[in-house]
Structure formats: C-alpha cells, structure tokens
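Trainee: With the input below, show me the fold.
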Amino acid sequence: MPAKTPPPAPTGFMWIEEAAKALGVQVSTLHKWRYRNVGPDAVRHAGRLMYATAGIEGYLKALATPAPRRLPRPAVAA
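Mentor: Numbers count the residues shown, from 1 in each chain. Below you'll find the model as predicted:
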C-alpha cells in the first residue's frame, strides 16, 4: 500500500516537514525549538503543526542581520 500523502498546506503556510527542509534542520529540531520558545512561530491546524512562509523568511532574515555592536565603556578617571 503506498504511503499516504498529506493534503497541501493552506496558502501562505507550510507543514513542519517542509519548514524543516527550508531551514535545513530536522523536524525534531523544530519540535525542540517550539518547546524552548525559539525559532519561528508554529500554529496547529487539523492536528498538525505548520509554519507561515513569511515567518520562516523573517526568521532567516533576522539571522542574517548582524547584531548591533556594543560601544566600549568610557574610561573613568581615577
């Protein structure tokens, strides 16, 4: 019997398997990130986890943005 394929995700969303592939991580990593409240936000639909395509893109863009540099502390005269 052939494997059952899930229905396509709603427009603008991707199932967790597709999101993991887009991010280059394993599905288990996305589950860990969700538990720890890191990574892109997930929503549950029809008993399955899915991610907004814009959320994945925003997360990747935030990773590519350099962190602001901290200025050195001013010297204190003794």
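Trainee: residues in contact with the helix ranked longest in the chain?
Mentor: Scanning the chain for the helix with the most residues, using DSSP state H, yields helix 53-64. With CB atoms under 8 Å, 6 or more residues apart in numbering as the contact definition, helix 53-64 has outside contacts at 12, 13, 14, 19, 22, 23, 39, 40, 41. For every residue, glycine as well, the C-beta is placed using N, CA and C.
Trainee: let's go with 10 Å and repeat that
Mentor: 9, 11-14, 18-19, 22-24, 33, 38-43, 51-52 (CB atoms under 10 Å, 6 or more residues apart in numbering).
Trainee: Helices - which of the residues you listed land there?
Mentor: Those of the contacts of helix 53-64 lying in helices (DSSP H): 18, 19, 22, 23, 33.
Trainee: Now the buried members of the residues you listed.
Mentor: 18, 19, 22, 23, 33 (16 or more other CB atoms under 10 Å).
Trainee: hmm, back to that, what mean pLDDT does the longest helix of the chain have?
Mentor: Average pLDDT, helix 53-64: 92.
Trainee: So which bits of that helix are buried?
Mentor: Here helix 53-64 shows 53, 55, 56, 59 as buried, counting by 16+ other CB under 10 Å.
Trainee: With pLDDT and distance to residue 47 as added columns, please give the ones in helices among the contacts of helix 53-64 in TSV.
Mentor: Listed next are the ones in helices among the contacts of helix 53-64 as TSV, based on pLDDT from 0 to 100; distance: CB to CB, whole Å:
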residue	pLDDT	distance to residue 47
18	94	17
19	95	16
22	94	21
23	94	22
33	95	20
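Trainee: out of the residues you listed, what pair is the most spread apart?
Mentor: Farthest-apart pair in the ones in helices among the contacts of helix 53-64 is 18 and 33; separation 15.5 Å (CB to CB).
Trainee: Low-confidence regions, the chain specifically.
Mentor: 1-2, 78 (pLDDT under 70).
Trainee: how about 90 then?
Mentor: Residue ranges of the chain with pLDDT under 90: 1-10, 45-47, 62-78.
Trainee: picking that back up, just the buried ones from the contacts of helix 53-64?
Mentor: 9, 13-14, 18-19, 22-23, 33, 39-40, 42, 51-52.
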